[in-house]
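> What follows is a predicted structure for the sequence shown.
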6 protein chains.
Amino acid sequence: MDEARDRVLMGPERRSMVVREADRKVTAYHEVGHALAAQLLPHANRVAKLTVVPRGRAAGYMMPDADDRLHVTRPALEDMIAVALAGRAAEDIIFHEITTGAQNDFQQATSIARRMVTEWGMSDRIGKVAHATDQGTYLGGGAQMLPMSEHTAARIDDEIKTLIDAAYTRATDLIGEHLTRVHEIVSVLLTRETLTGEEFAALLNGETLEPLPPATPSTPPRIAG
Amino acid sequence: MDEARDRVLMGPERRSMVVREADRKVTAYHEVGHALAAQLLPHANRVAKLTVVPRGRAAGYMMPDADDRLHVTRPALEDMIAVALAGRAAEDIIFHEITTGAQNDFQQATSIARRMVTEWGMSDRIGKVAHATDQGTYLGGGAQMLPMSEHTAARIDDEIKTLIDAAYTRATDLIGEHLTRVHEIVSVLLTRETLTGEEFAALLNGETLEPLPPATPSTPPRIAG
Amino acid sequence: MDEARDRVLMGPERRSMVVREADRKVTAYHEVGHALAAQLLPHANRVAKLTVVPRGRAAGYMMPDADDRLHVTRPALEDMIAVALAGRAAEDIIFHEITTGAQNDFQQATSIARRMVTEWGMSDRIGKVAHATDQGTYLGGGAQMLPMSEHTAARIDDEIKTLIDAAYTRATDLIGEHLTRVHEIVSVLLTRETLTGEEFAALLNGETLEPLPPATPSTPPRIAG
Amino acid sequence: MDEARDRVLMGPERRSMVVREADRKVTAYHEVGHALAAQLLPHANRVAKLTVVPRGRAAGYMMPDADDRLHVTRPALEDMIAVALAGRAAEDIIFHEITTGAQNDFQQATSIARRMVTEWGMSDRIGKVAHATDQGTYLGGGAQMLPMSEHTAARIDDEIKTLIDAAYTRATDLIGEHLTRVHEIVSVLLTRETLTGEEFAALLNGETLEPLPPATPSTPPRIAG
Amino acid sequence: MDEARDRVLMGPERRSMVVREADRKVTAYHEVGHALAAQLLPHANRVAKLTVVPRGRAAGYMMPDADDRLHVTRPALEDMIAVALAGRAAEDIIFHEITTGAQNDFQQATSIARRMVTEWGMSDRIGKVAHATDQGTYLGGGAQMLPMSEHTAARIDDEIKTLIDAAYTRATDLIGEHLTRVHEIVSVLLTRETLTGEEFAALLNGETLEPLPPATPSTPPRIAG
Amino acid sequence: MDEARDRVLMGPERRSMVVREADRKVTAYHEVGHALAAQLLPHANRVAKLTVVPRGRAAGYMMPDADDRLHVTRPALEDMIAVALAGRAAEDIIFHEITTGAQNDFQQATSIARRMVTEWGMSDRIGKVAHATDQGTYLGGGAQMLPMSEHTAARIDDEIKTLIDAAYTRATDLIGEHLTRVHEIVSVLLTRETLTGEEFAALLNGETLEPLPPATPSTPPRIAG
C-alpha cells in the first residue's frame, strides 16, 4: 500500500465523512466486483489494494497492479473493460438494483472500447482504418474523431456497444460463479475497510486473515445508520 | 425551515410582489403536486417545506429533505423524475389546462433521464456505454455529449422520452388517487402560505393543524383579484 | 397612452417620414388585424393602443395591455400566436396579396410555438422532455437547443408548424367574421392615426367616436400619393 | 443620372479599361435583359439608367428607380427575382451559351427567395414559421438560419428553387416576346454606352433617339477587337 | 517567355535540383498533356510556354496565354477543366499508372466545377440558385458554402462529379488521338527542357525546330539515373 | 545507420528502459513484418535499418531508405500502406493476438489511403474530384476536408476501407509465404538488437551474419522477464 501514490491518484482520504451503512455496503460489493474480475480474468492486472474508505470523489476504490506492458493485447483490453464493468455487475446481481456509482467505470470502459475500434484496428467490421487521432488533442483530453460519414459512425457505435455488452456479460458470469466468496470478502472488507492484494487473494482462496490489532481510540466512528 | 438555506438556493422572498389569485391557486396545486409525489413515492426524499410565497424567480416551491445518499438507485432516480413532473401533472388534472410554470421542472427531469441513459448505464437498449462526459464541462454547465451517430442519438432520445413518459404517468396516477386530500391541503396552503414537512404529513394523514397566531399588522395585503 | 413606454419599446415617433398612401393602408389593416385578435380571442391581452404613425423600424404597431400573469396557459399562448399572425391574415384577406411587413410577427409567433414544444412540454408528441435550455443563453439571445437526433428535430419542426398553422387559421376566420367592422375601424384609424384601447373597443362595438379637435397648423402633411 | 450615387454604389467609372468587343456585346444584352424585365414586369421598379461602361467590378449595370415601398408584396418580390435573372436569360436566348457574369445576380435572387421562404412566410409548404433571424447577424452579413431538421432544410431548398425557376421562366418568356426590340436597343446602347430610363422607355416604345453631340477628342478609344 | 512573371507565379527555377530520369519523363508527358488540351480545345487559352525545369514546388509546368475575357462561357470553363485534367490523362494513357503529381490540377478543376454549379448557375439540376457566396471569404480562401440540406449537397456533389468525369473523358480522347505527336514533342521537350508556345505549335504541326546553340559549359548536368 | 537522423525523427535511444521479454518479442516480429514488406513489395522503399531498442515513444522501428521520387505512383502508395500494416499482420500471424502497438501505423496507412481517394484522384468511384485541400492546413496538421454530402462521405469511407483491407491482405500473404525466414531474422534481431539494411537483406537471402564483437561490459542488461 503506497499512501503517496494513492493520494496523488485519488485525493486525500476522507475518514471523517459520514457514510450511510447502506452506501458502504453497496461500495463494498462494487469494489469486490472489480477486484474479483481483476484477480480472475486471465489477462487482467491483479489486485494491489481495495478499500471502502472514501478518497477524493470516490466512495471507495480498487487499485490494480501497475501495468508495465508495452504492447497490450486485445484479450487484455477486453479484460480491462470487464474489470471496469464488474463493479456495476456486482451491484446488479446482489441488490437487483443499480446506482449512479458506476459513471466513471463506464467512461473508462467506453474509452478503451472506442480506442480498440477507432485507433487500434481491433474491430473486424471497421478494419485497420484509423478513425481517431491523438494528434489534435491537448490537455490530455483524449482522442479526436476524424471526419467520417454517418454510416461509419453508426458502425463504430455498434462495435463499441458489442464490446461493452460482451465484457459485461463476462463480468456478470464471473461474479455469479463466485457469489459465496464475494459475500465472505465483502463481510471482511466492511470490518477491515481496506484489504491488500495479498489479503484479497488469500480470502478468495478460502483462507482466514490474521485478526487486526485493536483500533486506536483516536479514530472516531464514521458509520451512520 | 431554514431561511438562510432557502435564501441561498432560491433568492430572497418577494412578499411585496402582487400576485393574481388565479396564479396563487395554480402555484398551490403545482407545489402540492410536487409534495404529494415526494411524500408518497417509495424512493423519493420527503417534503421539508412547501410555500406559495414567491422567492427569486419562483412563484412558489417545494423543498425536499437533503439527500445524503452516495449511490442513487434507478428507482430513486425514477422517483426524482416523477416528483419533478408532479407539479405539471397536478395542473393538468385540476385545471384541464397547463401553463408555462413547469419549464425548470422539465429541464431537471430531462437532465436526470439523460444522465441515466448516457452516463449511468441505466437503459437496456443503450447499455453500459458512456455517451456523455463530465470532463469537458465547465461553469457547472452539465455533461457534454460524446460524438455519436444519428442512429444512436435517436435511440437515446427515445429512451429519455420513455423515462419521462412513464414518470409522468406515475405522477398523474398518484395525484388522481389522492385528489380529495390535494384539494384540502391546497386550501390550507393558500391560507397559511407555507407548510413545514411535518404539517404537510399531518394534513396528508387527515389531521387538522393548530390555528395560526393572528397575523401582525405590519404585513401588507399581497393578493390581487 | 404612455409615450415614455412606447419610446423605450419602439423608438421615437417618425412623424416627418413620408409614407405612401398604399403603405399606410396596408399598415392600417395589418394593425387592425392584430387588434381584432387581441380584443376578441378569449385568452389574449386586450388592446391598449394602435397606430399607423411610424416609430423606430415599425410602420405602425398595436400595443396590448401589460401581462401580469405568472402562469401562462396553453390557450393563452395559442392566442398570443394568433394575435401575432393576425396582421398578415388581415393583409391576405383584404388585399389578396401579402407583404414583407410580418417578419417580426413570424419570429415572435415561432418563438412562442418553439418554446411551447421544447421548453414548456405542451406538445403531446414531444412530451415533457426539455429540448432547449435558457441556461446557455446570453445577451437575451433566446434559448439554446440541446443536442438531439434528426428524428426528434423533424418532429419538433412538425409540431411548431402545426401550432402556427392552426393559429393562422383561427386569426383568418376571426377577421373574416368581422370584416365590415375591420373596414370601418381602418377608415377611422387612417384619419386619426392613433386609437386608444377604449376607442378601439367602442368602434368594434359599433359606436361612433367624438370628433377630434382641429389639427394644429404646425404638423406638416405626411402623406405621399 | 446621378454620378455621385453611382460612384458610391458601384465604384468609379473605368473608361480607360480595354474591353473586348465580344465582352461588350454580352454585357449589352445582359443589361438590356435586366432593363426589359424592370420596365415591363408589373410590380418591378422602372429603369433609371443602364450602361456598358465598366464601373468597379461590374462590366456594366442597370440601375432601377429607388424603391420607397414600406411593404413589399409577394408579386413585387417575384418580379425583383425575375429582373435579377433576366440578364442571364438574355445571354441564354441570344448566344445559346452562358457566362460567369451573372454570379451576383444569382446571389441577389437567391437571397430574396430565401427570405420569402424563411423570413416572410410566403411559401405555402413552409408556412408562417420563421426559419431565419436577422437578430444574430452582424456586419451586414445577412440572416442566420435557425436550427432545423434536415427534413425542413430540404423543403426550404425546394421552395427556393421553385421560386427561382419560375422567375427565370418568366424572364425568358418576356425577352423572347420582345426580341426585335432587344436587338435594336442593344445596338443603340453599344454606340451610346449609356441610356437614361427615359431613353430606354422611348426605344422600347419604338421611338428614335436624338443624335448625340460629336464625341470630344479627349476620350481615348476603349474598344479592343 | 517572361522570367519575372514566372518567378512571381511559380517561385524561382531550381536548376540545381537533382531529378530522376523517370520523374522527368512523367513530368514531360504530364505537361505535354496539359499543352495539347490547351492548344486544341476550342475555347481554351493557347500555350505560352511549357517546361520540365522545376520551379518552386512544381516539377514542371505549362503556362497558358493570359485571359482577358470578362465573361467566361460554359464551354470555356469546361475546356479549362479538361486542360487541368489532361496532365493526369496523359500519365494514365502512356504509363498505365498514375501518380500523386496531379493534386493541384484536381483542386483547380474541382474549384471551377464547384463554382459552375454553386455560383454561376450552370447546372440544370441545381438551377440558378446561389449555393455559395464569396462575401464570407477572406485571405483569398475561396467561396463559402451557404447552409443547405443534405439532399441538395448530394445533388451538388453529383453535378461536380459529372462535370469532372466528362472533362476527363474529353482530355483522354484528345490525347489518344494525337499520341504520335505527344511522343515526338515529349522527346524534344526532354532535350530542350523548355518550349515556347510557338515552338509547341510548330511541333504539333509536324514541323522541326531549329537546332539549339551549344550549351554553355557553366550548366551542370542535372539528371540522375 | 545515421544516429543524428534517427535522433531527430524518433527521439533519443532509451537503452536504460526495462522492457519485458514478451514485449521485445512482439516488437521484433512487428518490425520484421514491416521490413519484409519494405524489402519484397515491388514498389516499396527498401530497408535502411530496423531495431528493437526503444527510441522516443517507439518500442522499436524500421527505417526505410529515403524517398527521392517526385511522382509517387498508385502501386507505390499501395505498397506504402502494406508496409505500414505489415507490423500488425506479423503479430496476427505469429501470436494469433493483436496489440495496441500499431496505432501510428494505422494513422499513417489511413492518411495515405485518404489522400489517394480525396486528393490524388486514385479512386474510380470518387473520380478526379478534390475532396480535401492542403490550403487550409497549418502547423502541418494535414489536409482539411471540403464540404460534402453524407452520400459522398460514405463513398469515401468505403474506398479508404477497401484500400486498407486490400493492403492488409497483401501484407498478410507476404509474411505467410516467408514465415521460416521471419522466425530466423527475429531470432537474430533479438540477439543483435539492430540490423542494417544490408544485414537484413543477407538474412532474408538465407545468409549468416558475421559474429558481433563481444559486448562491452558498460552496457547493463536491459531485459526483464
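Received the coordinates, thanks.
> hang on, residue A:39 packs against residue A:203?
No: counting by Cβ atoms under 8 Å, residue A:39 sits too far from residue A:203 to count as a contact (10.2 Å). Backbone N, C-alpha and C define where each C-beta goes, glycine included.
> Could you pull out the strands in chain A for me?
Secondary structure of chain A (DSSP state E): strands at A:19-20, A:47-51, A:61-64, A:132-133, A:144-145, A:194-196, A:223-224.
> Residue C:188: which of those is closest?
The closest of the strands of chain A to residue C:188 is strand A:144-145. By Cβ to Cβ, the value is 65.1 Å.
> Run through the neighbouring helices and strands of the closest one.
strand A:132-133 (3 or more Cβ pairs under 8 Å, 6 or more residues apart in numbering or on different chains; DSSP states H and E).
> now check the strand it packs on, is it near chain F?
Yes: between strand A:132-133 and chain F, judged by Cβ under 8 Å from any Cβ of the partner chain, the touching residues are residue A:133.
> model confidence over stretch A:64-83, on average?
For stretch A:64-83, the mean pLDDT works out to 92.
> How far off centre is that stretch?
Centre-to-centre, stretch A:64-83 and its host chain are 12 Å apart (Cα atoms, centre = their mean, to the nearest Å).
> so how far is the first residue of that stretch from its last?
10 Å (Cα to Cα, to the nearest Å).
> Check whether that stretch comes near chain B.
No: Stretch A:64-83 lies out of reach of chain B by Cβ under 8 Å from any Cβ, never closer than 9.4 Å.
> give me the number of residues near residue A:46?
By other Cβ atoms under 10 Å in any protein chain shown, 14 other residues sit near residue A:46.
> Return the residues in contact with the closest residue to it other than its chain neighbours.
Spatial nearest neighbour of residue A:46, excluding adjacent residues (Cβ to Cβ, 6 or more residues apart in numbering or on different chains): residue A:65 at 5.2 Å. By Cβ atoms under 8 Å, 6 or more residues apart in numbering or on different chains, residue A:65 lies in contact with A:45, A:46, A:47, A:48, A:197.
> Show me the residue at the heart of chain A, geometrically.
residue A:84 (3.5 Å; Cα atoms, centre = their mean).
> surely it meets residue A:113?
No: using Cβ under 8 Å, residue A:84 is not in contact with residue A:113, being 9.8 Å away.
> shared neighbours of those two, anything?
Common neighbours of residue A:84 and residue A:113 (Cβ under 8 Å, 6+ apart) are residue A:167.
> and the residue in chain A that chain C sits nearest to, what is it in contact with?
Distance from chain C to each residue of chain A (Cβ to the nearest Cβ) is smallest for residue A:150, at 9.3 Å. Residues near residue A:150 by Cβ under 8 Å, 6+ apart: B:149, B:150, B:151, F:150, F:153, F:154.
> What is the most widely separated pair among those?
Applying Cβ to Cβ across the contacts of residue A:150, the maximum distance is between B:151 and F:153, 15.2 Å.
> Comparing the two, which residue is more hemmed in?
residue F:153 (21 against 18).
> For residue F:7, see how far away the more buried one is.
Remark: distance between residue F:153 and residue F:7 (Cβ to Cβ, to the nearest Å) = 40 Å.
> ditto for residue A:120
According to Cβ to Cβ, residue A:120 and residue F:7 sit 28 Å apart.
> Who has more neighbours out of those two?
Using other Cβ under 10 Å, the more surrounded residue of residue A:120 and residue F:7 is residue A:120, with 24 against 13.
> now the more buried one, nearest residue through space, not along the chain?
Per Cβ to Cβ, 6+ apart, closest to residue A:120 is residue F:100, 5.0 Å.
> How about residue A:54?
residue A:14 (4.3 Å).
> For the one you found, give me its contacts.
Going by Cβ under 8 Å, 6+ apart, the list of residues near residue A:14 reads A:53, A:54, A:55, A:56.
> who wins for neighbours among these?
Neighbour-wise, the contacts of residue A:14 (other Cβ under 10 Å) top out at residue A:54, 24 neighbours.
> Check whether that residue really touches residue A:31, as I assumed.
No: using Cβ under 8 Å as the test, residue A:54 is too far from residue A:31 to be in contact (11.6 Å).
> Name the residues contacting each of those two.
Common contacts of residue A:54 and residue A:31 (Cβ under 8 Å, 6+ apart): residue A:60.
> where does chain A have low pLDDT?
A:1-2, A:5, A:8-10, A:16-18, A:134-143, A:215-225 (pLDDT under 70).
> Flag every residue of it that's near chain F.
Within chain A, the positions near chain F by Cβ under 8 Å from any Cβ are A:68-75, A:77, A:115, A:119-122, A:126-131, A:133-136, A:146-152.
> For residue D:148, see how far away the residue in chain A positioned nearest to chain E is.
Chain A approaches chain E most closely through residue A:150 (9.4 Å), counting by Cβ to the nearest Cβ. As judged by Cβ to Cβ, residue A:150 and residue D:148 stand 18 Å apart.
> same thing with residue A:27?
In terms of Cβ to Cβ, residue A:27 sits 47 Å off from residue D:148.
> who's more crowded, these two?
Using other Cβ under 10 Å as the criterion, residue A:27 and residue D:148 rank with residue A:27 on top: 28 against 22.
> Would you map the helices across chain A?
Along chain A, counting by DSSP state H, helices occupy A:3-10, A:21-40, A:74-95, A:103-118, A:150-177, A:179-192, A:197-204.
> Quick one: these as CSV, columns for distance to residue E:165 too.
Output for the helices of chain A, formatted as CSV (distance: least, Cβ to Cβ, whole Å):
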stretch, distance to residue E:165
helix A:3-10, 58
helix A:21-40, 56
helix A:74-95, 43
helix A:103-118, 33
helix A:150-177, 23
helix A:179-192, 66
helix A:197-204, 66
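> which one of those helices lies closest to residue A:214?
helix A:179-192 (12.9 Å).
> got the angle for that closest one vs helix A:21-40?
Using axes from the mean of the first three to the mean of the last three Cα atoms, to 10 degrees, one finds that helix A:179-192 and helix A:21-40 are set 120 degrees apart in direction.
> and the angle from helix A:179-192 to helix A:150-177?
Angle between the axes of helix A:179-192 and helix A:150-177 is 80 degrees (criterion: the same axes, to 10 degrees).
> in helix A:179-192, what's buried?
A:181, A:182, A:184, A:185, A:186, A:188, A:189, A:190 (16 or more other Cβ atoms under 10 Å in any protein chain shown).
> Pretty sure the third one sits against residue A:203.
The one in question is residue A:184. Yes: in this structure, residue A:184 is within contact of residue A:203 by Cβ under 8 Å, at 6.6 Å.
> what about residue A:11, neighbour count?
Neighbour tally, residue A:11, other Cβ under 10 Å: 13.
> ok now do the spatially closest residue to residue A:160 that is not a sequence neighbour, which residues does it touch?
Nearest non-adjacent residue to residue A:160, counting by Cβ to Cβ, 6+ apart: residue A:113, 4.6 Å away. Residue A:113 makes contact with A:81, A:159, A:160, A:163, A:164, A:167, B:129, according to Cβ under 8 Å, 6+ apart.
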